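1. Could you work out the structure for the sequence below:
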Amino acid sequence: MRAERLLDANVNRAREGLRTLEEIARLLLEDSELAAALRTRRRRLGALTEEILPDLLPARSAGTDPGFAPEIAAGPRKDLASVAAAAAGRVGESLRVLEEIGSTVNPSFAAGIQSIRHGWYDLDRDLRLRLGTRKPLAQPRLCVLLTRDLCPGGDWIRVVDALAESRVDMVQIREKELADGVLLNHAEAVRDRLHSTTRLVINDRISVAATLGLDVHLGREDLPIAAARRLLGRDAQIGRSTSGLPEAHSAIAAGADLVGVGPVFVSATKDKKPVGPGAAGKVAAAGIPHLAIGGIELSNLESLCEHGVAGVAVCRGVLGAEDVAATVSKIQTRMDTAAEDVSCP
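-> Here you go, the predicted model:
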């Protein structure tokens with residue numbers, strides 16, 4: 001029995017899958033390196049086939065394929081991640097078939113396929129982790145930046161209990177000086193006291209976030225998002241600090257789920273020139289999940305609302321409040337109003 005028909009079918013299958021993934025990487029993720037790696041494999045497969053097995057075309061006979069039918073050949077996909085998973089599955093399976101069966105026809109062809117397969121599974125991982133399978137991130141109204149030393153008297157337990165009472169949308173633990181082991185224990189204690197609906201995020205420390213199964217927020221100088229995704233898995237939600245719309249677009253293209261924009265006002269915790277509320281407003285108008293950050297408190301919340309900002313990150317304005325729960329409630333209610341109308345009454 002001759003194997004040309006089988007090889008032809010799997011060459012076509014692999015190239016189609018590679019082209020699908022290449023287009024996703026190029027036009028949706030806007031990742032030129034990832035797209036180039038997929039394109040190189042697709043072209044090498046075509047050139048290898050033309051050079052070593054040029055006579056496959058006469059063996060093609062899709063009409064007599066007993067496994068070919070519309071309901072078998074394709075099916076509905078629920079999202080881009082499932083499209084990529086199906087395409088990657090076709091590529092991996094077809095390359096394995098080509099290497100195994102090709103070795104009976106031409107050892108040079110099989111060796112060429114093996115070189116194409118080299119690194120394929122890492123490439124598949126990188127692309128699909130970028131897409132993820134997560135539910136879309138719900139835009140948070142308020143993220144409280146929790147630092148123990150900034151809590152009055154260092155009483156972070158009182159603050160966290162008030163945050164739990166108010167059912168704040170998100171808490172980010174920001175403790176740059178704590179050792180990993182101490183931070184791990186602290187994060188566990190905070191998580192145990194917060195309401196189950198509050199999303200808990202670790203600032204910077206990917207190892208702690210991975211150990212506890214928490215989300216993470218990364219600064220501009222921290223680990224690249226793709227590398228963090230490999231460590232945290234596709235279900236983790238990753239935030240990235242930005243200064244405005246261009247950086248926000250880049251962060252989302254790199255796989256971030258949410259961006260911090262700032263500092264919007266002068267901030268005691270950020271030694272940078274303020275970008276102003278308009279910068280956060282442009283990110284909001286682009287439909288990117290966001291948190292305006294830097295020097296935000298109740299007294300200047302109005303200007304952010306006027307620019308359409310949907311979420312804010314607040315540190316001292318909440319931690320130092322006389323009534324933490326009431327302050328959280330006021331901010332979240334104000335942001336609800338902002339979501340209903342461009343300006344807050």
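2. secondary structure class for Leu145?
-> The three-state assignment at Leu145 reads strand, by DSSP: H, G, I helix; E, B strand; the rest coil.
3. ignore the last one, Glu99
-> Under three-state DSSP, Glu99 comes out as helix.
4. Run a quick neighbour tally on it.
-> Neighbour count of Glu99, defined by other C-beta atoms under 10 Å: 19. Any C-beta I mention is one placed from the backbone N, CA and C, and that applies to glycine too.
5. Could you report the distance from it to Arg43?
-> 18 Å (C-beta to C-beta, to the nearest Å).
6. out of everything not next to it in sequence, what's closest to Gly239?
-> Nearest non-adjacent residue to Gly239, counting by C-beta to C-beta, 6 or more residues apart in numbering: His217, 3.8 Å away.
7. how far away is that neighbour from Met170?
-> Taken as C-beta to C-beta, the span from His217 to Met170 is 10 Å.
8. what's the answer for Ile113, then?
-> Taking C-beta to C-beta, one finds Ile113 at 48 Å from Met170.
9. neighbour count winner among these two?
-> Neighbours per residue (other C-beta under 10 Å) separate Ile113 from Met170, with Ile113 holding more: 28 against 24.
10. got the contact list for the more buried one?
-> Shown in contact with Ile113 (C-beta atoms under 8 Å, 6 or more residues apart in numbering): Leu45, Leu48, Leu95, Leu98, Glu99, Gly102.
11. okay, and for the stretch 51-200 of the chain, where does confidence drop off?
-> 61-78, 132-136 (pLDDT under 70).
12. Which parts of it are strands?
-> In the stretch 51-200 of the chain, the strands defined using DSSP state E, counting those that start in this stretch lie at 142-146, 170-173, 199-203.
13. Ala279: which of those is closest?
-> strand 142-146 (17.6 Å; C-beta to C-beta).
14. What strands line up against that closest one, and which way round?
-> Strand 142-146 has the following strand partners under DSSP bridges: strand 170-173 (parallel), strand 312-314 (parallel).
15. How about stretch 276-290, which residues are buried there?
-> Across stretch 276-290, burial judged by 16 or more other C-beta atoms under 10 Å covers Pro277, Ala279, Ala280, Gly281, Lys282, Val283, Ala284, Ile288, Pro289, His290.
16. Determine which two of those residues are furthest apart.
-> Pro277 and Pro289 (17.4 Å).
17. rewinding a little: ok, so of the contacts of Ile113, who is nearest Asn10?
-> Leu98 (5.1 Å).
18. Report the contact partners of the closest one.
-> Neighbours of Leu98 in contact, by C-beta under 8 Å, 6+ apart: Leu7, Asn10, Val11, Ala14, Phe109, Ala110, Ile113.
19. let's see it at 10 Å
-> 6-7, 9-11, 13-14, 45, 48-49, 53, 105, 109-110, 112-114, 116-117 (C-beta atoms under 10 Å, 6 or more residues apart in numbering).
20. taking the buried residues of stretch 276-290 one by one, which sit in strands?
-> His290 (DSSP state E).
21. okay, the buried residues of stretch 276-290 in JSON lines with distance to Ala254 and pLDDT next?
-> Shown next, in JSON lines, are these (distance: C-beta to C-beta, whole Å; pLDDT from 0 to 100):
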{"residue": "Pro277", "distance to Ala254": "25", "pLDDT": "95"}
{"residue": "Ala279", "distance to Ala254": "19", "pLDDT": "96"}
{"residue": "Ala280", "distance to Ala254": "20", "pLDDT": "96"}
{"residue": "Gly281", "distance to Ala254": "22", "pLDDT": "96"}
{"residue": "Lys282", "distance to Ala254": "19", "pLDDT": "96"}
{"residue": "Val283", "distance to Ala254": "15", "pLDDT": "96"}
{"residue": "Ala284", "distance to Ala254": "20", "pLDDT": "95"}
{"residue": "Ile288", "distance to Ala254": "13", "pLDDT": "93"}
{"residue": "Pro289", "distance to Ala254": "14", "pLDDT": "94"}
{"residue": "His290", "distance to Ala254": "15", "pLDDT": "96"}
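22. Thanks again, I'm all set now.
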